[in-house]
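A.B. asks: starting from these lines, generate the structure:
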Amino acid sequence: MLKTNSIAVPDVRPLAEALHGRRVVVLAGAGCSTESGIPDYRGNGARKRSRPPIQYQEFVRSAEGRARYWARSAVGWPRFAAAQPNDGHRALARLEEAGVVCGVITQNVDGLHQAAGSRAVLELHGSLAFVCCLGCGARITRDEMQRRILEENVEWAAAIGLHGDGPAVASAPDGDAELPPELVARFRVPDCAECGGILKPDVVLFGENVPRERVAAAWAMFDAANALLVCGSSLTVYSGRRFTHRAAQTGMPIAIVNEGPTRADEVACIKVDARLGHVLPRLAHALTASTAPHDVVLRA
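C.D. replies: Alright, predicted model coming up:
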């Protein structure tokens with residue numbers, strides 16, 4: 001396996017040569033969004049957190065667990081929603097526009113690929129931009145949920161400064177924030193306006209299965225390609241790692257761009273250990289230039 005060094009301006013020519021002339025499907029992980037200010041759970045920059053992400057069974061069964069989740073989400077949502085695409089997102093959109101990338105299977109729930117201009121995006125784990133009712137299936141936007149939260153928690157929101165600059169709390173990877181228990185005690189969770197049921201973020205929580213039809217759509221996108229590019233994922237979670245398993249079994253070339261090791265390094269034909277914002281724009285330049293990758297003079 002060929003590796004490039006993790007340097008400020010990595011040489012992407014071997015990566016461009018490996019992907020040149022191929023239809024590329026991208027598997028995107030949390031590393032795509034860290035440069036937009038959205039932290040991840042497992043990357044090199046991930047800090048130790050005071051609590052794990054909420055599990056699906058806890059969310060469904062525990063009113064207290066739901067209160068903790070939505071209180072934290074209410075605080076973290078404005079910052080999460082304000083995140084903007086970075087150079088890596090824009091480079092993938094450019095590669096799709098040029099016909100190199102045939103689709104992006106993303107494990108992220110932030111919508112930044114679409115905001116950057118990518119059209120063929122499969123959100124494997126759903127989208128935090130929406131909220132669904134577990135009872136009747138009604139679906140509302142997360143912004144509407146935020147409006148209802150603030151309406152039903154006026155004093156709470158004022159007490160923590162949510163109407164101003166917000167409290168000094170740290171963002172968390174799942175679009176919420178670190179929040180001490182005393183700030184959760186008085187929080188009221190809105191019910192579904194249609195049936196009074198439980199409202200859940202329209203994402204796959206830890207311990208929850210990805211819907212079968214979504215997995216099938218991801219496989220269809222995968223099957224339309226003849227090369228797999230993993231961007232910003234350690235491949236710890238099986239929902240993403242399954243695609244590298246299939247690629248390895250069928251002989252599909254696997255290229256990886258990620259800071260730190262992944263669980264598919266040994267089966268990749270090339271691994272670039274560097275920031276996506278440094279690599280992907282240069283890769284897009286190489287693969288969309290009029291000459292072959294080995295003749296392209298890459299800009300520093």
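A.B. asks: quick check: closest non-adjacent residue to A98.
C.D. replies: T288 (4.4 Å; Cβ to Cβ, 6 or more residues apart in numbering). Placement of C-beta: from N, CA and C, glycine included.
A.B. asks: same question for E208.
C.D. replies: Leaving out its chain neighbours, the residue that sits closest to E208 by Cβ to Cβ, 6+ apart is Y56, at 3.8 Å.
A.B. asks: number of nearby residues for that neighbour?
C.D. replies: Residues lying near Y56 (other Cβ atoms under 10 Å) number 14.
A.B. asks: and it, how close does it get to I198?
C.D. replies: Counting by Cβ to Cβ, to the nearest Å, the gap between Y56 and I198 amounts to 12 Å.
A.B. asks: what are the pairing partners of the strand ranked longest in the chain, and which direction each?
C.D. replies: Secondary structure of the chain read by DSSP state E shows that its longest strand is strand 126-133. For strand 126-133, sheet partners with direction are given as strand 139-141 (antiparallel), strand 199-203 (antiparallel), following DSSP bridges.
A.B. asks: tell me the spacing between the residue nearest to A98 and A120.
C.D. replies: Per Cβ to Cβ, T288 is found 17 Å from A120.
A.B. asks: quick one: E123 and V109 touch, right?
C.D. replies: Yes: in terms of Cβ atoms under 8 Å, E123 counts as a neighbour of V109; the distance is 6.8 Å.
A.B. asks: which positions in the helix or strand hosting A247 come out as buried?
C.D. replies: Following DSSP states H and E, the helix or strand that holds A247 is helix 238-250. Within helix 238-250, the residues that count as buried by 16 or more other Cβ atoms under 10 Å are 239-244, 247-248.
A.B. asks: which positions in stretch 145-156 come out as buried?
C.D. replies: Neighbour-count burial for stretch 145-156 flags 145-146, 148-150, 153, 156 (criterion: 16+ other Cβ under 10 Å).
A.B. asks: which residues touch it?
C.D. replies: Applying Cβ atoms under 8 Å, 6 or more residues apart in numbering, the set of residues contacting stretch 145-156 from outside is 70-71, 74, 77-78, 131, 157, 162-163, 183, 186-188, 190, 193, 199.
A.B. asks: closest to P39 out of those residues?
C.D. replies: Here the nearest of the contacts of stretch 145-156 to P39, counting by Cβ to Cβ, is W77; it sits at 14.7 Å.
A.B. asks: distance check, D110 against M252.
C.D. replies: D110 sits 27 Å away from M252, taking Cβ to Cβ as the criterion.
A.B. asks: give me the below-cutoff pLDDT ranges for the stretch 51-200 of the chain.
C.D. replies: Within the stretch 51-200 of the chain, the stretches with pLDDT under 70 are 51, 163-179.
A.B. asks: show me the helices in it, by range?
C.D. replies: Remark: helices assigned in the stretch 51-200 of the chain by DSSP state H, counting those that start in this stretch are 56-61, 63-81, 87-97, 112-116, 142-152, 154-159.
A.B. asks: among those helices, which is the most enclosed?
C.D. replies: Among the helices of the stretch 51-200 of the chain, ranked by average contacts under mean count of other Cβ atoms under 10 Å, first place goes to helix 87-97 (a mean of 23).
A.B. asks: helices or strands up against it?
C.D. replies: Under the contact definition 3 or more Cβ pairs under 8 Å, 6 or more residues apart in numbering; DSSP states H and E, helix 87-97 sits against strand 24-28, helix 31-34, strand 101-106, helix 112-116, helix 276-288.
A.B. asks: roughly how far out does it sit from the chain middle?
C.D. replies: Relative to the centre of its chain, helix 87-97 is centred 15 Å away, using Cα atoms, centre = their mean, to the nearest Å.
A.B. asks: contacts for that helix next, please.
C.D. replies: Applying Cβ under 8 Å, 6+ apart, the set of residues contacting helix 87-97 from outside is 24, 26, 28, 32, 35-36, 101-104, 112-113, 115-120, 231-232, 276-277, 279-281, 283-284, 287-288.
A.B. asks: and the helices of the stretch 51-200 of the chain: which comes nearest G135?
C.D. replies: Closest approach to G135 among the helices of the stretch 51-200 of the chain is made by helix 56-61 (11.4 Å; Cβ to Cβ).
A.B. asks: helices or strands up against that closest one?
C.D. replies: Under the contact criterion of 3+ Cβ pairs under 8 Å, 6+ apart, the helices and strands touching helix 56-61 comprise helix 63-81.
A.B. asks: helices or strands up against the helix it packs on?
C.D. replies: Packed against helix 63-81 by the contact rule (3+ Cβ pairs under 8 Å, 6+ apart) you find helix 56-61, helix 142-152.
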